[in-house]
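Asks: A predicted structure for the sequence below; I have some questions about it.
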Amino acid sequence: MAKSGLKAVRALMALGRHPKRHANWTLSVAIFSTLITIGLVALYLMQETTEFP
């Protein structure tokens, strides 16, 4: 578990090293669609609970 955490931290640090020549649209779209999917799942789960009006 700790090894995978360190790999993730190293990967995030490596992202900042590359020069910003152009936007990586594939990565941007993947991140955006993942956030939208997580948001929709959260809304669906909140709809099923009776705690929220």
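Replies: Thanks, I have the structure now. Numbering: from 1, shown residues only.
Asks: Tell me where the model's unsure across the protein.
Replies: Applying pLDDT under 70 to the chain picks out residues 1-6, 8-9, 12-21, 23, 50, 52-53.
Asks: now the strands: where do they sit in it?
Replies: Assigned strands in the chain: none (criterion: DSSP state E).
Asks: how about the helices of it, start to end?
Replies: 2-15, 25-48 (DSSP state H).
Asks: Could you dump those helices into CSV with mean neighbour count added?
Replies: From N, CA and C alone the C-beta is placed, and that goes for glycine too. Converted to CSV, the helices of the chain look like this (neighbours: other C-beta atoms under 10 Å):
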stretch, mean neighbour count
helix 2-15, 9
helix 25-48, 10
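Asks: Appreciated, that's everything.
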